[in-house]
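K.L.:
Coordinates for the following, if possible.
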Amino acid sequence: MAVNINNLTVGHYGWMISADSADISGVEVLLGAQGVGTRIRVDFLRINSTGNISITLGEGEGIPGALDVDLIGPVLFAAGQTLDWDFRGRGGMLLSDNILLAILGSGAGQVSIFAHGRIE
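P.N.:
Next up, the predicted model:
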């Protein structure tokens with residue numbers, strides 16, 4: 001259970017990550033909290049899974065192994081399925097103040113994640 005995260009360069013502002021895991025059985029942090037008075041905004045999210053698993057995107061992990069708030073999901077993935085969520089036309093998906101962005105998976109299977117957004 002580990003997610004390999006690559007923080008990509010995005011120019012003047014924002015964040016962009018590319019992450020992958022062979023076993024996403026638990027909560028994995030995608031983007032850490034940015035400090036008091038700041039919020040993470042997700043503009044785009046793509047998740048691909050090679051296995052039949054469920055995935056939930058959420059914020060916070062006050063209790064180890066559990067998301068504080070489920071934002072998307074749980075979504076059941078079939079092997080080889082890719083799903084995109086594009087929030088740009090709606091202003092983005094805004095998380096709570098000073099909270100991390102995380103994913104919760106139900107088990108083994110290669111999962112790839114691409115996401116980008118802004119810090120406000």
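
K.L.:
Show me the shaky parts of the protein.
P.N.:
Flagging of the chain using pLDDT under 70 yields the residue ranges 1-13.

K.L.:
Look up phi and psi at the spatially closest residue to G60 that is not a sequence neighbour.
P.N.:
Once flanking residues are discounted, G60 sits nearest to D68: 3.0 Å by C-beta to C-beta, 6 or more residues apart in numbering. Where you see a C-beta, it was placed from the backbone N, CA and C, and this is true even at glycine. Backbone geometry at D68, expressed as degrees, to the nearest 10, gives phi -70, psi -40.

K.L.:
dump the residue contacts of D68.
P.N.:
Residues in contact with D68 (C-beta atoms under 8 Å, 6 or more residues apart in numbering) are 58-62, 99.

K.L.:
I119 too?
P.N.:
13-15, 34, 38-41.

K.L.:
Just name the closest of these to L104, please.
P.N.:
Taking C-beta to C-beta as the measure, L104 lies nearest I40 of those, at 16.6 Å.

K.L.:
so when I look at I55, I'm seeing a strand, right?
P.N.:
Yes. Assignment of I55 by DSSP: H, G, I helix; E, B strand; the rest coil places it within a strand.

K.L.:
Any idea how many residues pack against it?
P.N.:
I55 has 21 neighbours, counted by other C-beta atoms under 10 Å.

K.L.:
is it true that it touches D70?
P.N.:
No. Using C-beta atoms under 8 Å as the test, I55 is too far from D70 to be in contact (10.8 Å).

K.L.:
where along this protein do the strands fall?
P.N.:
Here the chain has its strands, by DSSP state E, at 4-7, 15-31, 39-49, 53-59, 69-77, 81-86, 93-97, 101-119.

K.L.:
what's the angle from the fifth one to strand 81-86?
P.N.:
If I follow you right, that is strand 69-77. With axes from the mean of the first three to the mean of the last three C-alpha atoms, to 10 degrees defining the directions, strand 69-77 sits at 150 degrees from strand 81-86.

K.L.:
list the buried ones in strand 69-77?
P.N.:
The neighbour-count check on strand 69-77 (16 or more other C-beta atoms under 10 Å) flags 71-73, 77 as buried.

K.L.:
Show me what it is packed up against.
P.N.:
Applying 3 or more C-beta pairs under 8 Å, 6 or more residues apart in numbering; DSSP states H and E, we find strand 69-77 packed against strand 39-49, strand 53-59, strand 81-86, strand 93-97, strand 101-119.
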